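Asker: build me a structure from this.
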Amino acid sequence: MKYLLPILFLLWLYCPPAAAQNTQPAKEDTALYLRFPVVPPFTIYKMPDSSKFTKADLKKKQKTLLIIFSPDCDHCQHEIKEIIAAIDKFTKIQIVMASWLPYKEILKFYADYNIAAYPNITMGWDKSFFLPPFYKFNSLPFMGLYDKKGNLISVFEGSVSLDKVVEAFK
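Answerer: Predicted coordinates:
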């Protein structure tokens, strides 16, 4: 019994410390948008008619703001109100808004904010749930900003000032 304490102490000394573990994420844990920093090959079903809209339908040589949102998210509602209030700052930017939630909820959001009145905003349903795993975000709304060539400029999660978004596009 009198040797138990020194043996435990020696075991503690010789055990590899936990800090020596690799803290780098495995390649497969890295969000795909970081490995492929271009507009993803998405497919959404547009409001209000459910027509298919894909990456190929984006206007060429135009900046793109991809927003992933939830119709019942307060931050998302606040962000769309700000975008609509400052829509003149986004005239040369195509905005694609997508949600994986039920079509009827997205359609209600579309109607509530009169998105049809803004020709540079396309809103749709991500039926296949492609975008959330591609970006692996933690907060909504999620914004992916892409230049005229479709290359990633920046991403924002959660509420963000529109001034930061506009500045990132410059």
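Asker: show me where this structure has helices.
Answerer: Counting by DSSP state H, the chain has helices at residues 4-14, 32-35, 74-85, 103-112, 131-135, 162-169.
Asker: can you tell me how far the residue nearest the centre of the chain is from residue 159?
Answerer: Nearest residue to the geometric centre of the chain (C-alpha atoms, centre = their mean): residue 142, 3.4 Å. Distance of residue 142 to residue 159, given as C-beta to C-beta, to the nearest Å: 11 Å. C-beta: built from backbone N, CA, C; applies to glycine.
Asker: cool, residue 68 as well?
Answerer: From residue 68 to residue 159 the distance is 14 Å (C-beta to C-beta).
Asker: same deal with residue 61?
Answerer: With C-beta to C-beta as the criterion, residue 61 and residue 159 are 30 Å apart.
Asker: now do the residue nearest to residue 159 when sequence neighbours are not counted against residue 92, distance only.
Answerer: Spatial nearest neighbour of residue 159, excluding adjacent residues (C-beta to C-beta, 6 or more residues apart in numbering): residue 75 at 4.7 Å. Applying C-beta to C-beta, the value for residue 75 to residue 92 is 25 Å.
Asker: when the two are compared, which one has more neighbours?
Answerer: residue 75 (16 against 10; other C-beta atoms under 10 Å).
Asker: and the more buried one, what is it in contact with?
Answerer: By C-beta atoms under 8 Å, 6 or more residues apart in numbering, the residues touching residue 75 are 139-141, 158-159.
Asker: okay, now the unreliable bits of this structure?
Answerer: 1-29 (pLDDT under 70).
Asker: now the helices of the chain in CSV, with distance to residue 150?
Answerer: Shown next, in CSV, are the helices of the chain (distance: least, C-beta to C-beta, whole Å):
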stretch, distance to residue 150
helix 4-14, 54
helix 32-35, 12
helix 74-85, 21
helix 103-112, 25
helix 131-135, 15
helix 162-169, 14
